[in-house]
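Output the structure for:
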Amino acid sequence: MAVRLPRGFRAGATRAGIKPSGKPDLALLVSGLPAAWAYVATRNRAAAPSIHRGRALYASGKPLRAVVVNAGNANCATGERGFQDDRRMAELAALRLGLPPGEVLTASTGVIGVPLPVEKIERGLPQIDLAPFADPFAEAILTTDLVAKVAEAEAGGARVVGIAKGSGMIHPNMATMLAFLVTDALVPQKALREAWGGIVDRTFNQVTVDGDTSTNDLALLMANGAYGEVPLEDFFKAVEEVAQTLARMIARDGEGATKLMVVRVRGAATAEEARRAARAIAGSVLWKAALYGNDPNWGRILAALGNSGARFDPLRVRIVLQGIPLYEGGALPFDREAASRAMRAEEVEVLVDLGEGEGEGEAYGCDLTEGYVRINALYTT
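Presented below is the predicted three-dimensional model:
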């Protein structure tokens with residue numbers, strides 16, 4: 001069933017010929033009203049031109065009206081031409097929509113180091129029909145993803161709809177993958193910007209698939225006010241719900257993955273340390289491989305904790321896998337075969353108590369399989 005966008009938003013996509021597969025690869029997301037917005041982007045020092053341009057627009061403080069996204073080409077590491085091509089993509093989208101280029105954000109995703117075929121974008125943009133549905137946009141921004149990722153929630157009558165892509169090169173730092181959240185709630189831009197970074201830290205920044213931070217990651221929140229005011233507490237709760245749902249979907253769709261890993265850490269000295277510990281476990285290559293093999297090797301979990309930077313005494317740590325206690329200050333007796341069977345599920349939970357304080361956090365990851373190696377061994381060949 002198609003997901004309807006909040007009031008005042010429209011989206012569309014087309015096949016511009018950027019992806020070798022011939023699948024949809026060029027998309028627009030448009031607000032009929034000027035929108036307040038919050039934005040975070042990758043800290044990768046090899047960031048793409050779209051990220052540099054996005055930061056400049058963000059610093060201006062001006063409202064945003066649209067986003068143009070191409071998939072199949074990251075337009076990264078392409079020299080000065082890449083910056084020119086990114087500006088041209090914004091200009092072409094602005095011309096298509098009758099907007100100033102400064103109200104159009106750009107985003108690109110795909111192969112690094114290949115010039116962006118702007119002529120294909122120029123031909124493709126007029127072919128995009130805009131409609132109040134999220135699904136065509138969600139499909140067009142995919143790369144190695146197997147499924148489109150859309151989530152929604154309500155807050156006092158206003159709606160929040162999120163669209164994301166991400167499957168590989170996922171280990172975000174300040175932002176993640178490509179994520180676009182839109183709402184018809186009326187929210188001051190200052191409030192959006194003050195809250196968005198924390199929401200991203202607790203959700204998208206807690207996803208890891210392979211330990212590689214993308215050059216093109218961004219997370220955007222747009223509020224056009226078409227519905228009106230709603231209680232801010234309810235609004236930000238809905239935004240975080242949508243972001244968390246998308247984060248889980250990205251982890252489950254990790255390249256080659258067969259299962260979602262949910263890591264919950266409690267009893268940390270601080271919430272930040274809990275999130276750091278959870279993410280260290282979710283990102284451990286050794287534990288991810290054990291997860292794929294249904295091996296309840298809790299020593300790999302403890303080792304990942306020790307490398308996380310979180311404070312703890314191993315004698316006070318407790319580790320529970322799929323509800324089965326494995327470690328509590330030392331190895332616990334458990335039925336290894338039963339634990340292995342419990343790991344043969346589409347979602348596997350690791351629960352850790354550090355015994356240090358009240359801090360809690362979650363992280364999302366997936367198993368490491370031959371499929372991941374195969375996809376990335378042949379990505380450009």
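
Pull the longest helix seen in the chain out as CSV, backbone CA atoms only.
For the chain, the helix with the greatest residue count under DSSP state H is helix 232-252. Taking C-alpha atoms only, helix 232-252 is exported to CSV below (Å, rounded to 0.1, in the frame of the first residue of the first chain):
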residue,chain,number,x,y,z
LEU,A,232,6.6,19.6,20.6
GLU,A,233,7.1,16.7,23.0
ASP,A,234,4.6,14.6,20.9
PHE,A,235,6.2,15.7,17.7
PHE,A,236,9.7,14.8,18.5
LYS,A,237,8.6,11.5,19.9
ALA,A,238,7.0,10.7,16.6
VAL,A,239,10.1,11.9,14.7
GLU,A,240,12.3,9.6,16.8
GLU,A,241,9.9,6.7,16.3
VAL,A,242,10.2,7.1,12.5
ALA,A,243,14.0,7.5,12.6
GLN,A,244,14.4,4.4,14.8
THR,A,245,12.2,2.3,12.5
LEU,A,246,14.2,3.3,9.5
ALA,A,247,17.5,2.6,11.4
ARG,A,248,16.3,-0.9,12.1
MET,A,249,15.2,-1.4,8.5
ILE,A,250,18.7,-0.3,7.2
ALA,A,251,20.5,-2.7,9.5
ARG,A,252,18.2,-5.6,8.6
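
quick one, the following helix or strand past it and helix 232-252 angle?
Going down the chain from helix 232-252, the next helix or strand is strand 260-268, by DSSP states H and E. If you take axes from the mean of the first three to the mean of the last three Cα atoms, to 10 degrees, strand 260-268 sits at 130 degrees to helix 232-252.

Point out where the stretch 251-381 of the chain drops to low pLDDT.
By pLDDT under 70, the weakly predicted segments of the stretch 251-381 of the chain are 381.

which residue ranges form the helices in this protein?
All helices of the chain, identified by DSSP H, fall at 49-60, 79-97, 118-124, 135-140, 189-202, 232-252, 271-283, 285-292, 298-306, 336-342, 370-377.

Let me know which of those is the nearest to L326.
Nearest of those to L326, taken as Cβ to Cβ: helix 298-306 at 4.1 Å. All C-beta atoms are positioned from the backbone trio N, CA, C, and that covers glycine.

And Y58, how far from L192?
Counting by Cβ to Cβ, to the nearest Å, the separation of Y58 from L192 is 11 Å.

Give the residues shared as contacts by those two.
W37 (Cβ atoms under 8 Å, 6 or more residues apart in numbering).

Looking at those two, which one has more neighbours?
L192 (23 against 18; other Cβ atoms under 10 Å).

residues contacting the residue lying closest to the more buried one once chain neighbours are set aside?
In space, and not counting its chain neighbours, L192 is closest to A38: 4.2 Å by Cβ to Cβ, 6 or more residues apart in numbering. Shown in contact with A38 (Cβ under 8 Å, 6+ apart): Q189, L192, R193, A195, W196, G197, L220, L221.

tell me which of the residues you listed is nearest to I141?
Looking across the contacts of A38 and measuring by Cβ to Cβ, the closest to I141 is L220, at 12.1 Å.

related to what we said a few turns ago, let's have the helices of the chain in CSV, adding distance to G22.
Putting the helices of the chain into CSV (distance: least, Cβ to Cβ, whole Å) gives the following:
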stretch, distance to G22
helix 49-60, 23
helix 79-97, 20
helix 118-124, 12
helix 135-140, 12
helix 189-202, 33
helix 232-252, 24
helix 271-283, 34
helix 285-292, 32
helix 298-306, 41
helix 336-342, 42
helix 370-377, 19
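
Of all the ones you listed, which one comes closest to T258?
helix 285-292 (6.7 Å).

could I get that closest one in PDB with only the CA atoms?
The C-alpha trace of helix 285-292 is given here as PDB (Å, rounded to 0.1, in the frame of the first residue of the first chain):
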ATOM      1  CA  VAL A 285      33.400  -8.300  12.800                       C
ATOM      2  CA  LEU A 286      34.100 -11.300  14.900                       C
ATOM      3  CA  TRP A 287      30.700 -11.200  16.600                       C
ATOM      4  CA  LYS A 288      28.900 -10.500  13.300                       C
ATOM      5  CA  ALA A 289      30.500 -13.600  11.900                       C
ATOM      6  CA  ALA A 290      29.600 -15.700  15.000                       C
ATOM      7  CA  LEU A 291      26.000 -14.300  14.600                       C
ATOM      8  CA  TYR A 292      25.900 -15.600  11.000                       C
END
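
what packs against the longest helix of the chain?
Here helix 232-252 touches strand 149-155, strand 158-165, strand 178-185, helix 189-202, strand 260-268, strand 359-366, going by 3 or more Cβ pairs under 8 Å, 6 or more residues apart in numbering; DSSP states H and E.

The same query, at a cut-off of 10 Å, please.
Applying 3 or more Cβ pairs under 10 Å, 6 or more residues apart in numbering; DSSP states H and E, we find helix 232-252 packed against strand 149-155, strand 158-165, strand 178-185, helix 189-202, strand 218-228, strand 260-268, strand 347-353, strand 359-366.

Compute the first-to-last residue distance for stretch 149-162.
Length of stretch 149-162, first residue to last, Cα to Cα, to the nearest Å: 8 Å.

just how off-centre is it within its chain?
Centroid separation for stretch 149-162 versus its chain: 16 Å, with Cα atoms, centre = their mean, to the nearest Å.

Next, the buried residues of it.
Across stretch 149-162, burial judged by 16 or more other Cβ atoms under 10 Å covers K149, V150, A151, E152, A153, E154, A155, A158, R159, V160, V161, G162.
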